[in-house]
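Student: turn this into a structure:
(one chain, ligands or ions: 1)
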Amino acid sequence: MRLIEADATRLDLAGLTGTPRQVVANLPYNVGTPLLVGWLRQAALWERLTLMFQLEVAERICAAPDTDAYGRLAVLAQWVCTTDIVLRVPPGAFVPPPKVWSAVVRLTPREKQPDPVLFGAMERLTAAAFGQRRKMLRGALAGLGGEALLERAGIDPRRRAETLSVAEFERLAGCLVS
Ligand SMILES: C[S@@+](CC[C@H](N)C(=O)[O-])C[C@H]1O[C@@H](n2cnc3c(N)ncnc32)[C@H](O)[C@@H]1O
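Tutor: Sure, this is the predicted structure:
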C-alpha cells in the first residue's frame, strides 16, 4: 500500500496505476460531485467506481426521468455508466454521526464511451436544460440553438428537461456538435 497525501481534485488518479483500475472511496461531501463529474469525463479509464455520497446525492445520480431528483448528474452518470445504489448507511454508522444518511453507489462504465467533445456538449446542454428546469426546453436552450436544435433532434420544443430520457439527451448533444 502507498499512502499519497494530496488534494483529490488536483490529482491525476489514473496516472497512479495501470489497468484494470477501480476507485473505491468514501468521498468528502463538499467535493463529491465535482470529483465524480471529473471521473465521468474519463469513464473509459475505470473498470468500476464504488463511491459513498450523502444519500440525496446518490439518489440524484441514479434518478429516473420525471422525478425531482432527475437532473444533470443523473444524465451524465447514466449516459456513461450503469448506476446502482448498493447500500444505504444510517448516520449512526459514523462517529460522530452526521445529520444525513449516506449511500454507496456502484458506477460501471459502459463499453462505448463518448469522445471529450461530445461529453463537453452534454455538460453544456444539461447545465442549460436543468438550470431552468421548469421552463420549456425551447427557452432553457435558447443560447444553444433553442427550437431549431430541438427540432433537428426530433424533440418537441415545449417539453421540459426532466421529461427527456438519457437517450434523448444523447441525441440532442449529437446535434449540438454536428
Ligand atoms: C467522508 S471522509 C472519509 C474518510 C475515510 N476515508 C473513511 O472512510 O473513514 C472524507 C475525507 O476526505 C478528506 N478530504 C476532504 N477534501 C479532500 C480533498 N480535496 N482531497 C483529498 N481528501 C479530502 C477529508 O479530510 C476526510 O478525511
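Student: flag every residue of the protein that's near the ligand.
Tutor: Within reach of the ligand by Cβ under 6 Å from any ligand atom, the chain has these residues: Asp7, Ala8, Thr9, Asn26, Pro28, Val31. Bear in mind the C-beta positions are built from the backbone N, C-alpha and C, glycine included.
Student: partners of the fourth one in the sheet?
Tutor: Beta-bridge pairing of Asn26, defined through DSSP bridges, involves Met52.
Student: which pLDDT value goes with it?
Tutor: Per-residue confidence (pLDDT) for Asn26: 96.
Student: before we move on, the earlier item: quick one: which of the residues of the chain next to the ligand sit in strands?
Tutor: Asn26 (DSSP state E).
Student: scan the residues of the chain next to the ligand and report the most crowded one.
Tutor: Ala8 (16 neighbours; other Cβ atoms under 10 Å).
Student: on that earlier part again, for Arg48, state which of the residues of the chain next to the ligand is nearest.
Tutor: Distance ranking of these against Arg48, using Cβ to Cβ, places Asn26 first at 15.7 Å.
Student: element containing the closest residue to Val104 other than its chain neighbours?
Tutor: The shortest distance from Val104 to any non-neighbouring residue, by Cβ to Cβ, 6 or more residues apart in numbering, is to Leu87 (4.2 Å). Assigned by DSSP states H and E, Leu87 falls within strand 81-89.
Student: so what touches that strand?
Tutor: 40, 43, 49-50, 52, 55, 58-59, 61-62, 77, 101-110 (Cβ atoms under 8 Å, 6 or more residues apart in numbering).
Student: among those, which ones are buried?
Tutor: Burial by neighbour count, 16 or more other Cβ atoms under 10 Å: within the contacts of strand 81-89 this picks out 40, 43, 49-50, 52, 55, 58-59, 61-62, 77, 102-107, 109.
Student: pretty sure Ala43 is touching Gln113, no?
Tutor: Yes. Taking contacts as Cβ atoms under 8 Å, Ala43 lies within contact range of Gln113: 5.5 Å.
Student: intersection of neighbour lists for these two?
Tutor: Shared contacts of Ala43 and Gln113, counting by Cβ under 8 Å, 6+ apart, come down to Val80.
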